[in-house]
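Undergrad: Give the three-dimensional model of this entry:
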Amino acid sequence: MTRVGPFPLDGTPLARAAGGLDRCVHCGFCLPTCPTYIALEDENDSPRGRLLLMSAILEGELPLTDPAITTHLDRCLGCRGCETACPSGVPYGHLLEATRETLAAQRRLPLPARLLLAVFARPRLLAIALAAARWFRATRLPRLLAGLPGRIGFASAMLASSSSGSRPDRCTPVAEPAREEKATRVGVLLGCVMEGLFAPTNRATERTLSTNGYRVVDVPGARCCGALHLHAGDAATARALARTNIAAFERARVDAIAVNASGCGAAMKEYGLLLDEDPEWRDRAHSIASKVRDVTELLAAVGPRRGSPLVATVAYDPPCHLYHAQRVTEAPLKVLQAIPGLTIVPLVDAELCCGSAGIYNLVQLRISLDVLAPKLDQVARSGTEIVATGNPGCLMQIGAGLLQRRASCRVAHPVDLLDESYAASASSEAASH
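TA: Model prediction:
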């Protein structure tokens, strides 16, 4: 077949990943799991439709410059919910990333996306940006601006929802139990947004791991995981960031790597795939990837130790990249079940995406809000006091939606709740002496 476009696809990331396209049998099982198909009711905005578009590109039926390509592929959240439903094992997430990397050679991302990705790739700029965000958050203006319509209002609501006022963060340090020198050495990926806007959750992560017998060690030099860049098609930057992190965790001589942001965890668990064509880094990448665990996986593996009661209802909303990409489903629930007094209430359609998806809610706001709306409706129907989820984007997305709806419930990371339970235990023990 003669290609309609001049761009040679041979040797491109999409061409190398093309074998995954052949697995799709067009059964349609993915349709009811796709948030954009549910919201837009357009076959082109379903996984099956997008796979057909990828095939059309590869076979020369559509040029890379065709507006339909960018429109429908840009609308994809990359939540990978279709992978869980697919009986044929289509590696949709990897195909999407390969396609976006191929497209990136022909077109530029929107300016807001380029600026944001550039900042995340530069530690000093990122530190300045996050410090400015924390300062602005402290003025309480974001909470006031959250009532405005459109992008400014929702972005303000997201920042306001990241405030420590929306979750427990003033927990007293818990006395660490005696540990052997051979205790598992765990390095925590502090991350970008997590350390910049959710630092109390990082400290809670370190405390809960220590309380459960892990030896938490510092990992100097670790940086952004590269997930945002990879999902946007900037695989070169993602690989550079991956190499930096691999070297940092190697120097720290860790036995395990704890990640409390599911998007970062999914990206790091796939470092081996990301660098599989780099002979110098391939084995090192696979070795580091094999050590990556969500923090709830590590806690569930050893118990976790029970704390003091927290009397509240909680609905667990699994982040897509924990549930669908990492296939970690039980560990977060075990963490929540270790908290006496906490009543876990079901959340209908919890496995569907909330619409955050990295920078998606900044560049595709209307669709993001359409995807979020049914999630907020189900939260309201559940009657829960707390929505627990393990990803900063999800915490901010759902938190912003709840803030704009003036809902009474709050959002919290599971380790925040466990840490609060442990702090209550410490306070109780101190009072009894």
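Undergrad: Break the chain down into its domains, please.
TA: In terms of domains, the chain is parsed into 13-104, 185-300, 303-432 (source: automatic domain parsing).
Undergrad: What mean pLDDT does the first one get?
TA: When you say that, I think you mean domain 13-104. Average pLDDT, domain 13-104: 93.
Undergrad: among the domains of the chain, which is nearest residue 147?
TA: With C-beta to C-beta as the measure, domain 303-432 is the member of those nearest residue 147 (7.3 Å). Where you see a C-beta, it was placed from the backbone N, CA and C, and this is true even at glycine.
Undergrad: Run through the stretch 301-433 of the chain and note the low-pLDDT ranges.
TA: 427-433 (pLDDT under 70).
Undergrad: quick one: the strands in it?
TA: Along the stretch 301-433 of the chain, counting by DSSP state E, counting those that start in this stretch, strands occupy 312-316, 342-344, 386-388, 410-412.
Undergrad: Distance to residue 375 for these - can I get that in TSV?
TA: Below are these laid out as TSV (distance: least, C-beta to C-beta, whole Å):
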stretch	distance to residue 375
strand 312-316	10
strand 342-344	17
strand 386-388	9
strand 410-412	12
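Undergrad: so which of the domains of the chain gets nearest residue 162?
TA: Nearest to residue 162 among the domains of the chain is domain 185-300 (4.3 Å), distances taken as C-beta to C-beta.
Undergrad: After the helix or strand harbouring residue 287, which helix or strand is next? Please name it.
TA: Using DSSP states H and E, residue 287 sits within helix 282-289. Going down the chain from helix 282-289, the next helix or strand is strand 292-294, by DSSP H and E.
Undergrad: which other residues reach that next one?
TA: Strand 292-294 has contacts (C-beta atoms under 8 Å, 6 or more residues apart in numbering) with 256-260, 262, 265, 268-269, 271, 322, 326, 328, 331-332, 390.
Undergrad: related to what we said a few turns ago, just so I know, which of the domains of the chain lies nearest residue 119?
TA: Closest among those, using C-beta to C-beta: domain 185-300, at 9.3 Å.
Undergrad: Could you check how far the closest one is from the centre of its chain?
TA: Put simply, domain 185-300 sits 12 Å off its chain's centre (C-alpha atoms, centre = their mean, to the nearest Å).
Undergrad: Quick check: mean pLDDT of it?
TA: The average pLDDT within domain 185-300 is 96.
Undergrad: which helices and strands sit right next to the helix holding residue 287?
TA: helix 235-251, helix 262-269, helix 271-274 (3 or more C-beta pairs under 8 Å, 6 or more residues apart in numbering; DSSP states H and E).
Undergrad: Try it again at 6 Å.
TA: Helix 282-289 sits against helix 235-251, helix 271-274, with contacts defined as 3 or more C-beta pairs under 6 Å, 6 or more residues apart in numbering; DSSP states H and E.
Undergrad: from those helices, which stretch is densest packed?
TA: Stretch with highest mean neighbour count among the helices and strands packed on helix 282-289: helix 271-274 (a mean of 21; mean count of other C-beta atoms under 10 Å).
Undergrad: Name the nearest residue to residue 409, sequence neighbours excluded.
TA: residue 385 (5.2 Å; C-beta to C-beta, 6 or more residues apart in numbering).
Undergrad: So that neighbour is in contact with residue 312, correct?
TA: Yes. Between residue 385 and residue 312 there is a contact under C-beta atoms under 6 Å: 4.9 Å.
Undergrad: distance between stretch 44-63 and the chain's centre?
TA: 26 Å.
Undergrad: Now the terminal residues of it, how far apart.
TA: 16 Å (C-alpha to C-alpha, to the nearest Å).
Undergrad: how about that stretch: buried residues?
TA: 44-58, 62 (16 or more other C-beta atoms under 10 Å).
Undergrad: do stretch 127-139 as well
TA: Using 16+ other C-beta under 10 Å as the test for burial, stretch 127-139 gives 129-130, 133, 137.
Undergrad: Same question for stretch 320-329.
TA: Residues of stretch 320-329 classed as buried by neighbour count (16+ other C-beta under 10 Å): 320-326, 328.
Undergrad: which among the residues you listed gets closest to residue 82?
TA: Nearest to residue 82 among these is residue 324, at 8.2 Å by C-beta to C-beta.
Undergrad: which residues touch the spatially closest residue to the closest one that is not a sequence neighbour?
TA: Spatial nearest neighbour of residue 324, chain neighbours left out: residue 80 (4.2 Å); criterion: C-beta to C-beta, 6+ apart. Counting by C-beta atoms under 6 Å, 6 or more residues apart in numbering, residue 80 makes contact with 93, 324-325.
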